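Enquirer: I'll drop the sequence and a predicted model, then ask my questions.
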Amino acid sequence: MFWQIILWIMVIALFLVGLAGTVLPALPGTPLIFAGTLVYGIWTGFEEVTFPVLAVLGGISIGALLLEYAAEAYGAKRFGATKYGIWGAIIGGIVGFVALSIVGLLVGVFLGAVIPEMLLGRRNLKGALKIGWGSLLGFLGGTLMKFVLGLVMIGIFVAALAG
């Protein structure tokens with residue numbers, strides 16, 4: 001009984017931190033959710049959480065990680081960004097988050113696209129702002145999709161337990 005409580009505390013903690021990580025770039029969201037499922041599977045001898053379930057969850061986890069970067073790049077590119085704006089948005093988001101948390105993340109993505117587009121992409125202010133907006137929309141869309149995929153992963157885990 002004591003060990004089951006410890007197991008559930010670990011699994012739920014990994015799931016909650018993983019869900020937070022789907023929004024916060026400093027945490028690997030879906031891999032943490034996958035880790036929670038893997039911990040449960042190892043602990044219980046893979047009776048309820050089988051290898052096929054783990055394979056599906058692993059695929060979703062990898063897909064969500066790729067989606068994160070692809071959505072931001074797509075948003076920027078859709079609004080006309082060059083490689084400078086795309087890389088600037090990614091780097092700006094990371095730097096912004098480290099410096100100023102969530103608000104810094106959003107501002108970093110936006111300014112990370114705008115500034116390089118003006119300086120290196122030779123865009124005027126209006127064009128660069130449009131690209132910054134596209135980068136931010138792509139980032140927010142990718143974040144929402146990652147969060148939903150995290151919930152789907154947890155749902156698959158619960159369905160596997162229900163049999």
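Expert: Sure thing, it's come through. Model, not experiment: these values are computed from the prediction.
Enquirer: For L119, the count of nearby residues, please.
Expert: When counting by other CB atoms under 10 Å, one arrives at 12 neighbours for L119. To be clear about C-beta, it is placed using only N, CA and C from the backbone, and glycine gets the same treatment.
Enquirer: Please apply the same query to L125.
Expert: Neighbourhood size, L125 [other CB under 10 Å]: 10.
Enquirer: Please apply the same query to G96.
Expert: 22.
Enquirer: same thing with P116?
Expert: Applying other CB under 10 Å, we find 24 residues neighbouring P116.
Enquirer: Next: G75.
Expert: For G75, the neighbour count with other CB under 10 Å is 25.
Enquirer: Over to I12?
Expert: A count of nearby residues for I12, using other CB under 10 Å, gives 12.
Enquirer: what does M1 give?
Expert: 5.
Enquirer: do L19 as well
Expert: The tally of other residues near L19 (other CB under 10 Å) stands at 21.
Enquirer: For it, which non-adjacent residue is closest in space?
Expert: With CB to CB, 6 or more residues apart in numbering as the criterion, L19 has its nearest non-adjacent residue at 5.1 Å, and that residue is G150.
Enquirer: The one you found reaches L67, doesn't it?
Expert: No: using CB atoms under 8 Å, G150 is not in contact with L67; the gap is 11.5 Å.
Enquirer: Neighbours of I5, how many?
Expert: 9.
Enquirer: what about it, distance to I12?
Expert: In this view, I5 and I12 are 11 Å apart by CB to CB, to the nearest Å.
Enquirer: got it, and L65?
Expert: 22 Å.
Enquirer: before we move on, what about V148?
Expert: For V148, the distance to I12 - CB to CB - is 19 Å.
Enquirer: next one: G142
Expert: Distance of G142 to I12, computed by CB to CB: 26 Å.
Enquirer: re the thing from before, report the separation between the residue nearest to L19 and G29.
Expert: With the distance defined as CB to CB, G150 ends up 6 Å from G29.
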